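Undergrad: Predicted model and sequence follow; I will ask about them next.
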Amino acid sequence: MMSIKIICSVIIVVCSTIIGFRAANRYVLRIRQIRALQLAFAQLESEIISYSTFLPEAVKKISGVVQEDIGVLFNEFADRLIDKSGDSVSEAWQESLRVCKKYLHINSEEIEILTAFGGVLGASDKESQRSYFEILQNQLKNQEKQAEAACSKYQNMYKSLGLLGGLTIVILLF
Amino acid sequence: MSVDIIFKIAAIGILVSVLNHVLNRAGREEISMMVTLAGIVVVLLMVIDMISNLFNNIKSIFQLY
């Protein structure tokens, strides 16, 4: 009877530790995805400004290059553009953001920035496109800084919280 | 009457104090306050029937019926 108790306690502690690590990992993933987004939009900018590629082709090309989860988002966007389903660029972008939300670990503030950018993407001449890209990059850089601050603050907290929470449950049940 | 409950309460006390420290360091003072209160409530729930036993015993010893 005692051994079953001990085994179950160990399982509870391990599970809650894993939950804590996953919660802490969310912050790391958020930073990684913001960086990937910066890279992806820098590439998109050079495709549009320097090579004058069509938007669907440029987006499709980028979806293969960048980090997986962001690639899924761009792939969805490209498919919607190529389909010519009747959506405008901003509608397609919003729709693909909505669909891919579950792969993205970025928060609502970043989603808002991206949605706003979708509204001006491909809707004006080269010069203003360039300034829009610049604004977007600055905003993403700010978000990256915020995400880093949050990460250093909460990462350790969630890790120890998971382990200690598990220990508390075990002691209460023992 | 076992001595287990004393160790249990001590362990909860240590855990709550460590949790408090961690949460304070992360700037979550309100949550650390909640954790402290939860710890107190849990320990109280554990000892409350022992306390009532104690009072009953005192009452019966001094015949305060």
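TA: Received, thanks.

Undergrad: Number of residues surrounding the residue of chain A found nearest chain B?
TA: Evaluated by C-beta to the nearest C-beta, chain A has A:Met157 as its residue closest to chain B, separated by 3.8 Å. C-beta here means a position set from N, CA and C on the backbone, and glycine is covered the same way. Using other C-beta atoms under 10 Å in any protein chain shown, the number of residues around A:Met157 comes to 21.

Undergrad: per-residue confidence for it?
TA: Looking at A:Met157, its pLDDT is 88.

Undergrad: Off-centre distance for the helix or strand containing it?
TA: Assigned by DSSP states H and E, A:Met157 belongs to helix A:126-173. Centroid separation for helix A:126-173 versus its chain: 11 Å, with C-alpha atoms, centre = their mean, to the nearest Å.

Undergrad: Show me what that helix is packed against.
TA: helix A:2-49, helix A:108-120, helix B:4-25 (3 or more C-beta pairs under 8 Å, 6 or more residues apart in numbering or on different chains; DSSP states H and E).

Undergrad: Please render those helices as a markdown table that adds mean neighbour count to the earlier fields.
TA: Shown next, in a markdown table, are the helices and strands packed on helix A:126-173 (neighbours: other C-beta atoms under 10 Å in any protein chain shown):
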| stretch | mean neighbour count |
| --- | --- |
| helix A:2-49 | 16 |
| helix A:108-120 | 16 |
| helix B:4-25 | 15 |
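
Undergrad: what's the burial count for the closest residue in space to the residue of chain A closest to chain B that isn't next to it in sequence?
TA: Counting by C-beta to C-beta, 6 or more residues apart in numbering or on different chains, B:Ala26 is the residue found nearest to A:Met157 once chain neighbours are left out, at 3.8 Å. Residues lying near B:Ala26 (other C-beta under 10 Å) number 18.

Undergrad: What does B:Ala26 show for phi and psi?
TA: phi -80, psi 0 (degrees, to the nearest 10).

Undergrad: Now for it: which residues touch it?
TA: A:Lys153, A:Tyr154, A:Asn156, A:Met157 (C-beta atoms under 8 Å, 6 or more residues apart in numbering or on different chains).

Undergrad: sorry, back to before: in JSON lines: the helices and strands packed on helix A:126-173, plus mean pLDDT and distance to B:Met46.
TA: Putting these into JSON lines (pLDDT from 0 to 100; distance: least, C-beta to C-beta, whole Å) gives the following:
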{"stretch": "helix A:2-49", "mean pLDDT": "91", "distance to B:Met46": "18"}
{"stretch": "helix A:108-120", "mean pLDDT": "85", "distance to B:Met46": "42"}
{"stretch": "helix B:4-25", "mean pLDDT": "90", "distance to B:Met46": "7"}
